[in-house]
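> based on what follows, work out the 3D shape:
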Amino acid sequence: MYEKILVPVDFTDKTSKALNVAKQIASVTGAEISLIHVVKAALTVYLDELGLYKSKAPGGQKFLDEVIEKNEKKMERYVEKLSNEGIKISYKLKVDSSPDKIAELVAEEGFDLTIVGNYEHQRFDEFLKRTHPERIAKLAMNPVITVNQNKEDFAPNKILIPTNLEDDCSQRMSDLLALAEKFNSELQFVYVNTPAFFHTSPQIRKKSHLWFQRNGLKGYEIEVFNTKQLQKGILNAADFYESDMIALFSKHSESIKDLIKGNITEYLITRSDIPVMTFNLNIG
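This next block holds a predicted model:
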């Protein structure tokens, strides 16, 4: 289950959104929350043999030390608050500017879950239409929960799982099932039936039976939600079924079409009012 939860911190409302969800998951699972803040210092820096950040710029060390000290004090306030609430908590500062480093940290230190706060329509790359959380979801080996709205009472009673009835999700399904068991969540598997990907009822029945079997799922049924457009259809389905969270098994593409227009993961992470939990199928 989830023993180590990573929360990227930028000291804005996004951090509060992520921490509200993280601490509620931690209180149920007993997990430790690890905070990371990437210090965006406009200096060329390096790590010395003691693991301390040093500036290569003349006279830059004093400025770098002040920036790090200022951010450490902010992090310590989070630690104090969560510790007083009985949450196991730690933090780390890194001096860098790339969100790739967060995904690297996930892989290096074995975090089980990453929780990221987001602002609607905030972009990591304006040309490629990528949000910071979507970039993390693409690179991270572990599940990522993106939170757009404040969730003071995070209770995923109903989790919507859209599926194309084709992708093999078996290696990631156990993570979702473990979370659902802890929160006693109802799993709502749904096929969003659109003109572009239309399936007849007999086709859906046959494909869903094989998909559930291939992913080791028993006792579940597929719901069919008919709509005109896939991305909006998923959000409308979540609203129709009164879901509390969307779980998305995603394959991240670097096709020109997806890079310019965005993909399903990007769309849902940016626009969903409920948390979106993504499982990266690109990483075995």
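> show the average pLDDT along the strand or helix carrying Leu19.
Using DSSP states H and E, Leu19 sits in helix 13-29. Averaged over helix 13-29, pLDDT sits at 92.
> for that helix, packing partners?
The contact analysis (3 or more Cβ pairs under 8 Å, 6 or more residues apart in numbering; DSSP states H and E) places helix 13-29 against strand 4-8, strand 32-39, helix 60-84, strand 113-117, strand 144-147, helix 170-183. C-betas here are computed from N, CA, C, even on glycine.
> grab the nearest non-local neighbour of Gly216.
Nearest residue to Gly216 in three dimensions, chain neighbours excluded: Ser170, at 5.9 Å (Cβ to Cβ, 6 or more residues apart in numbering).
> ok, now which ones touch that neighbour?
Residues in contact with Ser170 (Cβ atoms under 8 Å, 6 or more residues apart in numbering) are 214-216.
> so which bits of the helix holding Leu19 are buried?
Within helix 13-29, the residues scored as buried using 16 or more other Cβ atoms under 10 Å are 14-15, 17-26, 29.
> next one: stretch 104-114
Result for stretch 104-114 [16+ other Cβ under 10 Å]: buried residues 104-106, 111-114.
> now find how far off-centre it is within its chain.
With Cα atoms, centre = their mean, to the nearest Å as the basis, stretch 104-114 stands 12 Å off its chain's centre.
> contacts for that stretch, please.
1-8, 25, 31, 34, 36, 92, 94, 102, 136, 139-145.
> just the C-alpha atoms of it, please, in PDB.
Coordinates of each C-alpha in stretch 104-114 appear next as PDB, following Å, rounded to 0.1, in the frame of the first residue of the first chain:
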ATOM      1  CA  GLU A 104      13.400  11.400 -10.800                       C
ATOM      2  CA  LEU A 105      13.100  11.800  -7.000                       C
ATOM      3  CA  VAL A 106      10.100   9.500  -7.100                       C
ATOM      4  CA  ALA A 107      12.100   6.800  -8.800                       C
ATOM      5  CA  GLU A 108      15.200   7.300  -6.800                       C
ATOM      6  CA  GLU A 109      13.700   7.200  -3.300                       C
ATOM      7  CA  GLY A 110      10.800   4.800  -3.900                       C
ATOM      8  CA  PHE A 111       7.700   7.000  -3.200                       C
ATOM      9  CA  ASP A 112       4.500   5.100  -3.600                       C
ATOM     10  CA  LEU A 113       2.200   8.100  -4.500                       C
ATOM     11  CA  THR A 114       2.600  11.700  -5.600                       C
END
